[in-house]
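# From the sequence below, what's the structure:
(one chain, ligands or ions: 1)
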Amino acid sequence: MAGGARRAGAAASEVVVGAIEIEPALDAVGVLCEYAEAYPGVTADEWEPYQALYPDLFAGSCWRLPCLSYVIRSEGTTILVDTGVGPPGLWKDWEPEREGMLGASLAQLGVEPDDVDVVFLTHLHVDHLGWNTDLDGVPLFPQARYVVHADALADVMSRMDEPHIRRCVEPLLGTFDEVTGDPEIAAGILAFSAPGHAPGHMGLRISSEGAEATILADGVPHPAQLDHPDWVFAFDDDRVESTTTRAALVGELIRGDGLVVCGHFPGGGIGRIATREGRTVWQDAT
Ligand SMILES: [Zn+2]
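Below is the predicted model:
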């Protein structure tokens with residue numbers, strides 16, 4: 001099967017990469033902040049064409065942010081990529097429209113918590129780990145090994161008093177599968193370091209039967225940055241390193257023809273790079 005083809009009888013949002021299946025699972029949507037705050041060097045005029053291309057990501061001059069996780073199935077292994085914002089009302093730094101949907105989204109895909117073999121955490125920001133545990137800090141995916149980069153874990157060890165770290169990281173200490181380098185997560189699925197956004201930030205490269213997909217995590221948090229990888233994102237931990245990482249990643253994506261996946265992109269966040277009117281754009285494939 002060609003990458004991006006849809007399996008007969010599959011859920012509407014499912015995409016296949018050779019023999020590997022990827023499905024988006026939405027946890028939350030909300031208004032994060034003014035674009036001028038997230039990208040201080042970018043003017044409202046510069047945003048205009050991207051507002052036309054990606055209207056779902058705009059609430060006036062503010063960033064309307066979807067937070068999607070992904071279910072990946074490879075040779076009988078079920079991987080959940082990131083666990084969203086978590087139970088409603090906990091993240092105080094945004095204005096949610098809808099929250100707390102990951103469980104229902106997974107159920108719609110036929111995935112129960114016990115079915116998840118691997119929870120892959122791209123990084124430990126508040127919008128990527130919220131359902132690691134329930135409200136009481138009990139791990140929600142009891143059969144899963146939780147994979148996280150050693151640098152991400154080392155970074156939060158001094159910040160255990162932050163509520164999302166205390167609830168979603170502390171109860172799992174001692175059980176994390178701490179990784180470095182480019183470890184294989186399952187057949188055809190390799191993690192890769194994408195430094196700069198957060199300590200230990202990782203993406204995933206998926207390849208099967210000649211088809212490919214790249215999960216960007218927050219290396220390219222907005223599709224406008226596929227056209228402007230040099231646009232500096234104020235919430236990056238190391239803005240210079242992140243911009244270098246992004247430029248390299250975007251160059252590679254433009255040269256390739258694989259699927260490009262990001263949980264903060266519109267729709268299901270699974271799509272392809274295209275050129276339209278001289279711009280590098282992202283097209284939803286779900
Ligand atoms: Zn994020």
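
# Enumerate every residue touching the residue of the stretch 1-150 of the chain found nearest the ion.
Residue nearest to the ion within the stretch 1-150 of the chain (Cβ to the ion): D127, separated by 4.5 Å. Every residue, glycine included, has its C-beta placed from N, CA and C. For D127, the contacting residues are 28, 65, 67, 84-85, 91, by Cβ atoms under 8 Å, 6 or more residues apart in numbering.

# The top helix by length along the chain - contacts with which helices or strands?
If you go by DSSP state H, the chain has its longest helix at helix 239-255. Packing contacts for helix 239-255, counted by 3 or more Cβ pairs under 8 Å, 6 or more residues apart in numbering; DSSP states H and E, involve strand 211-215, helix 224-227.

# Which among the ones you listed is found nearest to E162?
strand 211-215 (25.4 Å; Cβ to Cβ).

# Each with direction, which strands does that closest one pair with?
Taking DSSP bridges as the criterion, strand 211-215 pairs within the sheet with strand 202-208 (antiparallel), strand 259-261 (parallel).

# Measure how far the last one is from the centre of its chain, please.
Same thing as strand 259-261. Remark: strand 259-261 is offset 11 Å from the chain centroid, using Cα atoms, centre = their mean, to the nearest Å.

# And the helix or strand immediately after it in the chain, what does it pack against?
Sequence-wise, the next helix or strand downstream of strand 259-261 (DSSP states H and E) is strand 270-276. When contacts are defined as 3+ Cβ pairs under 8 Å, 6+ apart, strand 270-276 packs onto strand 259-261, strand 279-284.

# And for strand 270-276, what's in contact with it?
For strand 270-276, the surrounding residues in contact (Cβ under 8 Å, 6+ apart) are 4, 13, 15, 22, 24, 213, 226, 253-254, 257-261, 265, 280-286.

# Rounded mean pLDDT for it, please.
Averaged across strand 270-276, pLDDT comes to 95.

# What residues sit buried inside it?
Neighbour-count burial for strand 270-276, counted by 16 or more other Cβ atoms under 10 Å, picks out 270-273.

# What does V85 show for phi and psi?
phi -80, psi -30 (degrees, to the nearest 10).

# neighbours of it, just the number please.
When neighbours are counted by other Cβ atoms under 10 Å, V85 registers 28.

# quick one, helices of this structure?
Using DSSP H, the helices of the chain run over residues 35-38, 44-53, 102-108, 150-156, 163-168, 224-227, 239-255.

# picking up where we left off before, are any of the contacts of strand 270-276 buried, and which?
Neighbour counting over the contacts of strand 270-276 (16+ other Cβ under 10 Å) leaves 4, 13, 15, 22, 24, 213, 226, 253, 258-261, 265, 280-282, 284-286 as the buried ones.

# ok, which of those also contact the ion?
With Cβ under 5 Å from the ion as the criterion, the subset of those in contact with the ion is empty.

# Get me the contact residues on the chain for the ion.
Counting by Cβ under 5 Å from the ion, the residues of the chain that sit close to the ion are 127, 218.

# List the neighbouring strands of the longest strand belonging to the chain plus their orientation.
Secondary structure of the chain per DSSP state E: the longest strand is strand 20-34. Strand 20-34 has these partner strands in its sheet, going by DSSP bridges: strand 15-17 (antiparallel), strand 62-74 (antiparallel), strand 95-98 (antiparallel).

# in the chain, what spans have low per-residue confidence?
For the chain, the stretches with pLDDT under 70 are 1-13.

# so I206 touches V16, yeah?
No: using Cβ atoms under 8 Å, I206 is not in contact with V16, being 10.3 Å away.

# and for those two, which residues touch both?
Joint contacts of I206 and V16 (Cβ under 8 Å, 6+ apart) are I22.

# Those two: who's more crowded?
Higher neighbour count among I206 and V16: I206, with 26 against 23, using other Cβ under 10 Å.

# For that one, give its distance to P88.
31 Å (Cβ to Cβ, to the nearest Å).

# Apart from its chain neighbours, what residue comes closest to E95?
V31 (4.4 Å; Cβ to Cβ, 6 or more residues apart in numbering).

# so who does the one you found touch?
59, 62-65, 94-95, 97.

# and if you look at A285?
A285 neighbours (Cβ under 8 Å, 6+ apart): 4, 15, 259, 268, 270-272.
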